[in-house]
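Colleague: Okay, predicted coordinates and the sequence, questions at the end:
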2 protein chains.
Amino acid sequence: MTENPKSPTKIVTAGLVIIGNEILSGRTRDANMQFLGDALNTLGIRMTEVRVVSDVPEAIVEAVNTLRARYDYVFTTGGIGPTHDDITSECIAQAFGLEFGLNPEAVSILEDHYAEGEFTEARQRMAKTPQDAILIDNPVSKAPGFQVENVFVLPGVPRIMQAMFGGITHRLTGGAPMISRSVTSHVPEGKAGGPLTELQERYPDTEIGSYPFFKDGKPGASIVIRAVDSNMADAAVKDVFEMLTSLGGDPEIDDTVKSSADK
Amino acid sequence: MTENPKSPTKIVTAGLVIIGNEILSGRTRDANMQFLGDALNTLGIRMTEVRVVSDVPEAIVEAVNTLRARYDYVFTTGGIGPTHDDITSECIAQAFGLEFGLNPEAVSILEDHYAEGEFTEARQRMAKTPQDAILIDNPVSKAPGFQVENVFVLPGVPRIMQAMFGGITHRLTGGAPMISRSVTSHVPEGKAGGPLTELQERYPDTEIGSYPFFKDGKPGASIVIRAVDSNMADAAVKDVFEMLTSLGGDPEIDDTVKSSADK
């Protein structure tokens, strides 16, 4: 990823609007929320709210307008292909009150890409953007995304979305990056819960989360400590480790591992 | 699942509020949205909007109050365990303006479940509900969920959530079930897009969606036709099939298959 300037103390936030009936009906399992939450975190940007809406203009416009007023950045995924159900781009124009039409740069990219006669009317939909939108390069299948102010419009297909996101990180200014550590043991939440509440009170500038699991037939929990200040995170991790040890756990500290969804 | 009464024509809708910093940060990949979208669909209930919010009371209360006014049913997942970051139950009480405290029935269930001295103060958090909430049985780990009016409060751990959902289907009244068929071929969206727009106009009471893929190095798309009226769905499927055949595709009709998220 491109180098990304960071402000050491400001909290920078993002919202995500996932667009598509196929996600809501359960036909397709979304993969973009987790990727973006994680990738933004790395850049010092905190994903703070996600909305999944159907292919209905009012729903898309409402979500985009609410989130772009509330967060530093908004990302949308889905609905920018060549078919009639791809209505994201015109909804973004509507949300900003901008004209919507063929973008000369996008037309040029797609004319170059398709063979003579293959740049069909359907494909021309993919060359339309709100007026003066800044294009987002698509290294996989050419049809660009675009940016209007703080809103970044990306496709829904995960591998294309991810490739395009890699090309816009230099447009994003992160804040204080969140450090995340976890301490995992077989002490069940019901025992650790009381002491953990006290530790959360002792470290008000950390976020202490507890994520239960069953493994080898035994309950346990990962205690995740998140903080902007690494000394603070280290101190909280040490205290959580000692607390779990005192409760008879055999805790392990992990700075990297992610939980699976299907625990 | 328990038998579920259906109204033949009414559209019944649902919203989902997913609660948890771990989903937003990308640490955990949500698995509940797809399960509930699909399971509700089967009951004739259409998931119409999902919001993912952080462990912040205002965010939870706002999402629940907005969606419960807007949809027939609202489900929440996450944040009902025994630790300090489990704040969903008290937020639901706040959203409804209800008292929040120990629920005698929940206390009784958990007292029976835990050995003498093990029903700790932390675990007593799991016995607190808004006043007069109707409990939702937890066949896996006992700590119940609950229902207040049209809002159903469920845990975040997928296998427990799924088991508990199975026990509340008799409380849900579905509307007209949505029939879903798909027609898949290697005709790319850029070619099918124009004719598809015409077919969508010819069948305004169907939802025709197009989902592109790459397989065996070639682009293609699944055209998904959804409708309440099965005759209408059949007619649209036939026309989509003929259209794709005329464009040189070798389409296949599938009534059951779901796409994977990582196409």
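Modeller: Yep, it's here.

Colleague: in chain A, which spans are strands?
Modeller: With DSSP state E as the criterion, chain A has strands at A:12-19, A:45-53, A:73-77, A:100-102, A:128-130, A:134-136, A:145-148, A:151-154, A:179-185, A:207-215, A:218-227, A:252-254.

Colleague: Check the stretch 1-150 of chain A for the residue nearest chain B and tell me.
Modeller: Relative to chain B, the nearest point of the stretch 1-150 of chain A is A:Ala122 (2.5 Å; CB to the nearest CB). C-betas here are computed from N, CA, C, even on glycine.

Colleague: Find the nearest non-adjacent residue to that residue, please.
Modeller: Of all residues beyond its chain neighbours, the one nearest A:Ala122 is B:Gly193 (2.5 Å), with distances taken as CB to CB, 6 or more residues apart in numbering or on different chains.

Colleague: Against A:Val140, how distant is that neighbour?
Modeller: The span separating B:Gly193 from A:Val140 equals 19 Å under the rule CB to CB, to the nearest Å.

Colleague: Who has more neighbours out of these two?
Modeller: When B:Gly193 and A:Val140 are compared for neighbours, B:Gly193 comes out ahead with 25 against 15, by other CB atoms under 10 Å in any protein chain shown.

Colleague: Would you check that that one makes contact with A:Thr120?
Modeller: Yes. B:Gly193 lies in contact with A:Thr120 (CB atoms under 8 Å); the separation is 6.9 Å.

Colleague: hmm, back to that, point out the most buried one among the strands of chain A.
Modeller: Using mean count of other CB atoms under 10 Å in any protein chain shown, the stretch among the strands of chain A with the largest mean neighbour count is strand A:73-77, at a mean of 28.

Colleague: so does that strand get close to chain B?
Modeller: No. Looking at strand A:73-77 against chain B by CB under 8 Å from any CB of the partner chain, there are no contacts, and the closest approach is 11.6 Å.

Colleague: Show the contacting residues for A:Tyr73.
Modeller: By CB atoms under 8 Å, 6 or more residues apart in numbering or on different chains, the contact list for A:Tyr73 reads A:12-15, A:40, A:45, A:150-152, A:172.

Colleague: hey, what's it bridged with?
Modeller: Here A:Tyr73 sits in beta bridges with A:Ala14, going by DSSP bridges.

Colleague: So for A:Leu188, what's the nearest residue that isn't a sequence neighbour?
Modeller: If you look again at residue A:188, you'll see it is Pro, not Leu. Excluding its sequence neighbours, the residue lying closest to A:Pro188 (CB to CB, 6+ apart) is A:Pro219, at 4.4 Å.

Colleague: With A:Ala233 instead?
Modeller: Counting by CB to CB, 6+ apart, A:Ala227 is the residue found nearest to A:Ala233 once chain neighbours are left out, at 4.1 Å.

Colleague: Show me what that neighbour is bridged to.
Modeller: A:Ala227 has the following beta-bridge partners by DSSP bridges: A:Ile179.

Colleague: Wait, it touches A:Thr206, no?
Modeller: Yes. A contact is recorded between A:Ala227 and A:Thr206 when judged using CB under 8 Å, the distance being 4.1 Å.

Colleague: thinking again about what came up before, pretty sure the residue nearest to A:Pro188 contacts A:Tyr211?
Modeller: No. The pair A:Pro219 and A:Tyr211 fails to qualify as a contact (CB under 8 Å) at a distance of 11.7 Å.

Colleague: shared neighbours of A:Ala227 and A:Thr206, anything?
Modeller: Residues touching both A:Ala227 and A:Thr206 comprise A:233, A:236, with contact defined as CB under 8 Å, 6+ apart.

Colleague: can you list the weak-confidence ranges in chain A?
Modeller: Flagging of chain A using pLDDT under 70 yields the residue ranges A:1-9, A:255-263.

Colleague: which stretches of it form helices?
Modeller: Assigned by DSSP state H, chain A shows helices spanning A:21-24, A:32-42, A:57-70, A:88-96, A:104-113, A:121-124, A:158-166, A:189-202, A:230-246.

Colleague: what is the orientation angle of the longest one with strand A:218-227?
Modeller: Helix A:230-246 and strand A:218-227 meet at an angle of 160 degrees, taking axes from the mean of the first three to the mean of the last three CA atoms, to 10 degrees as the criterion.

Colleague: I am finished for the moment; much appreciated.
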